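Visitor: got a sequence here, can you build the structure:
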Amino acid sequence: MDTLQNMRAFSCVAEAGSFTAAAVQLDTTTANVSRAVSALEAHLQTRLLNRTTRRIALTEAGKRYLLRCEQILAYVEEAEAEASDAHARPAGQLKVHSMTGVGQHFVIDAIARYRKTHPDVTFDLTLANRVPDLLDEGYDVSIVLASELPDSGFVSQRLGITYSIVCASPAYVKANGTAQRPSDLLNHACLRLVSPVIALDRWAFDGPDGQEVVNIATSPFLVNSADAMKAAIISGMGVGVLPVYAAIEGLRNGSLVRMMPSYRSQELNVYAIYPSRQYLDAKIKTWVEYLRGTLPEILAAHQAELAAYELKSVRIAN
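Guide: Model (predicted):
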């Protein structure tokens, strides 16, 4: 028995004053309305309406039950309107996960800019270097770095590509020299970035001769944050691999220099992952669309700046 539907039929009969008028309002037959009210009375084991051939009247129990029905149906209508509005208008809280580096360098700023046009959306942001379980942990969107994604059944949107470069401080290079190719790194103090998406001791590079791999057996320093790695490199502790987005500011201000300019490492895709495409909440849809519209341009601009920086360095050297 559809109790909610029967409650609607009963309320409509009470308001309209007849089964026939209620049937017209509900776009059904008088017999269906009569059956719905009878089924409700049988379920409650209580008479709600006194019926005669000329009119109907609420019983005392019917009057009390009608008040409750009206309250319940009003709550249901409000909930339905709210859910439909969520599909149409961005509002409410977005629970977002992002890997730490991309979150600190891109996502927080993107949230600030997105909210200028969608002020009714609030954010609960978690930064963590892992791929979460969206359903178990309740995230609406996860932003991750990966070479490729496992088959999870979730929807993913590729937002762009980033890669890493080898950096050191000017003081370190002056004291220890530079590296021209991956095998040269074995003669340097290599600082290792702990990450769920890259190997700790196997550094792979794409260069003029294809892919080259060097195994870094020992390290004076391990850390799980790109910004912390950047600070360690600037302090002169050694050589490290940094994502372009983490290195670009240091290259601009001269606190970092790039080693092995012909090589890049750890090319990774940036993905936005969310549970479903069907009946997508407006705040999720507009947030992902905003990232798709802005993040690729920012990543491309950083890479273009890096290329210009390297061209300038070559001209100075020549």
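
Visitor: which SS state does the spatially closest residue to residue 300 that is not a sequence neighbour fall under?
Guide: Of all residues not flanking residue 300 in the chain, residue 160 sits nearest, at 7.4 Å (C-beta to C-beta, 6 or more residues apart in numbering). Where you see a C-beta, it was placed from the backbone N, CA and C, and this is true even at glycine. Classification of residue 160 using DSSP: H, G, I helix; E, B strand; the rest coil returns strand.

Visitor: show me the contacts for residue 160.
Guide: For residue 160, the contact set (C-beta atoms under 8 Å, 6 or more residues apart in numbering) comprises 269-270, 295-296, 299-300.

Visitor: in strands, which of these appear?
Guide: Judged by DSSP state E, strands contain the following of the contacts of residue 160: 269-270.

Visitor: can you pick the most crowded of the contacts of residue 160?
Guide: Of these, residue 270 is surrounded by the most neighbours, 23 neighbours in total, counting by other C-beta atoms under 10 Å.

Visitor: for it, list each beta-bridge partner.
Guide: residue 145, residue 160 (DSSP bridges).

Visitor: who touches it in this structure?
Guide: Counting by C-beta under 8 Å, 6+ apart, residue 270 touches 102, 143-145, 158-162, 295, 299.

Visitor: could you check how far it is from residue 133?
Guide: As defined by C-beta to C-beta, to the nearest Å, residue 270 lies at a distance of 20 Å from residue 133.

Visitor: re the thing from before, the contacts of residue 160 into TSV, with extra columns for pLDDT and distance to residue 73?
Guide: Shown next, in TSV, are the contacts of residue 160 (pLDDT from 0 to 100; distance: C-beta to C-beta, whole Å):
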residue	pLDDT	distance to residue 73
269	92	49
270	93	46
295	90	45
296	88	48
299	87	51
300	86	54
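
Visitor: which of the contacts of residue 160 lies closest to residue 25?
Guide: Lowest distance from residue 25 to the contacts of residue 160 (C-beta to C-beta) belongs to residue 295, with 51.2 Å.

Visitor: ok, that closest one - contacts?
Guide: Contact partners of residue 295, counting by C-beta under 8 Å, 6+ apart, are 106, 110, 159-160, 270.

Visitor: residue 107 now?
Guide: 96, 98, 125, 143.

Visitor: ok so it is a helix residue?
Guide: Yes. According to three-state DSSP, residue 107 belongs to a helix.

Visitor: how many neighbours does residue 72 have?
Guide: The number of residues packed near residue 72 is 15, by other C-beta under 10 Å.

Visitor: what's the spacing between residue 192 and residue 185?
Guide: In terms of C-beta to C-beta, residue 192 sits 11 Å off from residue 185.

Visitor: find residues that contact each of the two.
Guide: Listed as contacting both residue 192 and residue 185 by C-beta under 8 Å, 6+ apart are residue 216.

Visitor: identify the bridge partners of residue 123.
Guide: For residue 123, the beta-bridge partners are residue 94 (DSSP bridges).

Visitor: residues in contact with it?
Guide: Going by C-beta under 8 Å, 6+ apart, residue 123 touches 93-94, 96, 111, 115.
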